[in-house]
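Student: What shape does this take:
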Amino acid sequence: MTRDIRILFATRIVRMFSYGLLAVILALYLEQAGLSTAQIGLLLTLTLLGDALISLWITTRADRVGRKRMLLVGAALMIFAGILFAATRNFFLLLLAATIGVISPSGNEVGPFLAIEQSSLAQTLPGEKRTQVFAWYQLAGSLATALGSLTGGGLAQLLQNGGTAPLASYRVLVLIYAGLGMVLAGLFGFLSRIVEAPVSAKATVNRLGLGKSSRIVLKLSALFSLDAFAGGFVVQAIVAYWFHLRYGVNPALLGAIFFGANIFAGFSALSAAWIARKIGLLNTMVFTHVPSNILLILVPLMPNLPLAITMLLLRFSISQMDVPTRQSYTLSVVSPEERSAAAGVTGIARTLGASLAPVLSAPLMGVQALIGAPFIISGALKLVYDFGLYRSFKAIRPPHEQ
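Tutor: This next block holds a predicted model:
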């Protein structure tokens, strides 16, 4: 691992730890700050939309303006959001911080960082090593988020047990979030020029920062959006609610189920690199995704709880193999000078696709005859995505596989 790769792994760990730290207390902090339920909901929604728009603006310019420079801009927006959140209880100022700054309500990756970091990693890696490094990068982030959530909840409780008011204890965590943004900026400052896009990035590009790769990126974006839309039918909250309605599962068991599921999912990404070396990136994306989707469809068809849990865990054990391979494939088939823009555009497409489905899946859960429909709809749409991806891109192989 080169110095730049070690730095990018460190920034991923620091950032995902800070996201997990804040996400676990964010809604509680806003409630203690005096916001109503409706205001909290509006703020969180605009946070996601604002992050998506800011990310699109930054990532589509990073290859031309400078990847390191734009990563520093993202870190500055993270610091801005943390400081303003801690300094005010005014709803409109909080709304400003949430919309313009970088805040993760879910603990998942938000902002421009992922697209630019992966483009920078791709710049420093040979094609045959890229998928393996992306898999470890994915796992490092997942473990850091889990640790951050554990730390955030534990520290808030510790402060409150020591006599600190709830609002003050949450504000401490928000300030820590801003401080970690400063750490992030410091780490980005050590990146070398090796991570920057080639000089040919000055070539003519459109408003999305894309040139000759536009057609491939837009086609991938449409397919990835379909996949994310299908996945939105079975987000973790929906699946947990289904287990509760169907089998009366209590919160403790739900926690155990999803702890195991996420552990399986995290480590499944590691095996993707080995499989991709044998059969190729695209084949790994499709041929591991198809059985995963069949297992998803089988979950609501199981006659009892143990079998339903088994199908779910089996599904998670192979569900993430397409993530590092998808990221590696995308950055392999586009021009090196367009990688940040390509990763940003496809990432935004997934975000927008995923945001639409929960509105449709939640009402289905309220109809007894359709309670399992979200699983079946999701699995079926994902199979359509697999077929469309393979048919559209089977002839397009990454350079290192040719």
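Student: Please name the residues that touch residue 82.
Tutor: Counting by C-beta atoms under 8 Å, 6 or more residues apart in numbering, residue 82 makes contact with 22, 101, 174, 175, 177, 178, 179, 181. Every residue, glycine included, has its C-beta placed from N, CA and C.
Student: what's near enough to touch the residue nearest to the second one when sequence neighbours are not counted?
Tutor: With sequence-adjacent residues excluded and distances taken as C-beta to C-beta, 6 or more residues apart in numbering, residue 101 is closest to residue 81, at 2.5 Å. With C-beta under 8 Å, 6+ apart as the criterion, the residues that contact residue 81 are 97, 98, 100, 101, 102, 103, 178.
Student: From those, pick the one nearest residue 153.
Tutor: residue 103 (17.6 Å; C-beta to C-beta).
Student: on that earlier part again, can you pick the most crowded of the contacts of residue 81?
Tutor: residue 102 (31 neighbours; other C-beta atoms under 10 Å).
Student: so is that residue in a helix, a strand, or just coil?
Tutor: coil (DSSP: H, G, I helix; E, B strand; the rest coil).
Student: pretty sure it contacts residue 54?
Tutor: Yes. Applying C-beta atoms under 8 Å as the test, residue 102 and residue 54 come out as touching, 7.2 Å apart.
Student: Give me the common contacts of these two.
Tutor: Taking C-beta under 8 Å, 6+ apart as the contact rule, residue 102 and residue 54 both touch 77, 111.
Student: how's the chain carved up into domains?
Tutor: 3-190, 214-395 (automatic domain parsing).
Student: Next, please give the residue ranges for the strands of the stretch 151-300 of the chain.
Tutor: Under the criterion DSSP state E, counting those that start in this stretch, the stretch 151-300 of the chain carries no strands.
Student: Okay, helices next: where are they in it?
Tutor: All helices of the stretch 151-300 of the chain, identified by DSSP state H, counting those that start in this stretch, fall at 166-188, 214-232, 236-247, 251-279, 281-298.
Student: now the ones you listed in TSV, with mean pLDDT?
Tutor: TSV is the format used below for these (pLDDT from 0 to 100):
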stretch	mean pLDDT
helix 166-188	94
helix 214-232	91
helix 236-247	79
helix 251-279	78
helix 281-298	94
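Student: Might one say that residue 122 is in contact with residue 130?
Tutor: Yes. If you go by C-beta under 8 Å, residue 122 and residue 130 touch, sitting 5.9 Å apart.
Student: Now for the two: what residues contact both?
Tutor: With C-beta under 8 Å, 6+ apart as the test, residue 122 and residue 130 both reach 328, 331, 332.
Student: ok, residue 134 - how many residues close by?
Tutor: 24.
Student: again, but for residue 33
Tutor: That count, for residue 33 with other C-beta under 10 Å as the rule, works out to 18.
Student: For it, which non-adjacent residue is closest in space?
Tutor: In space, residue 33 is closest to residue 89, 4.4 Å off (C-beta to C-beta, 6+ apart).
Student: Please report phi then psi for the one you found.
Tutor: phi -120, psi 10 (degrees, to the nearest 10).
Student: Okay, it and residue 154: tell me how far apart.
Tutor: According to C-beta to C-beta, to the nearest Å, residue 89 and residue 154 sit 25 Å apart.
Student: So for those two, which residue has more residues nearby?
Tutor: residue 89 (15 against 11).
Student: Would you confirm that that one contacts residue 30?
Tutor: No. Applying C-beta under 8 Å as the test, residue 89 and residue 30 come out as separate, 9.3 Å apart.
Student: The residue nearest the centre of the chain and residue 254, how far apart?
Tutor: By C-alpha atoms, centre = their mean, the chain has its centre lying nearest to residue 109, at 4.2 Å. According to C-beta to C-beta, residue 109 and residue 254 sit 24 Å apart.
Student: and if you look at residue 134?
Tutor: As judged by C-beta to C-beta, residue 134 and residue 254 stand 30 Å apart.
Student: mind showing which ranges of the chain have poor pLDDT?
Tutor: 106-107, 199-206, 236-237, 251-252, 255, 355, 358-359, 362, 402 (pLDDT under 70).
Student: Against the centre of it, work out the most remote residue.
Tutor: Max distance from the centre of the chain (C-alpha atoms, centre = their mean): residue 163, 36.0 Å.
Student: Quick check: which element contains residue 120?
Tutor: helix 113-124 (DSSP states H and E).
Student: Now do that helix and helix 166-188, the angle between them.
Tutor: 20 degrees (axes from the mean of the first three to the mean of the last three C-alpha atoms, to 10 degrees).
Student: so what does helix 113-124 touch, helix or strand wise?
Tutor: For helix 113-124, the elements it packs on are helix 3-23, helix 37-65, helix 67-87, helix 127-161, helix 322-333, helix 339-365, judged by 3 or more C-beta pairs under 8 Å, 6 or more residues apart in numbering; DSSP states H and E.
Student: so of those helices, which one's packed in deepest?
Tutor: Greatest average neighbour count among the helices and strands packed on helix 113-124 goes to helix 322-333 (a mean of 25), per mean count of other C-beta atoms under 10 Å.
Student: what sits up against that helix?
Tutor: Residues contacting helix 322-333 (C-beta under 8 Å, 6+ apart): 118-119, 122, 127, 130-132, 134-135, 137-138, 213, 216-217, 220, 224, 269, 272-273, 276, 281-282, 284-286, 288-289, 339, 342-343, 346, 393, 396, 398-400.
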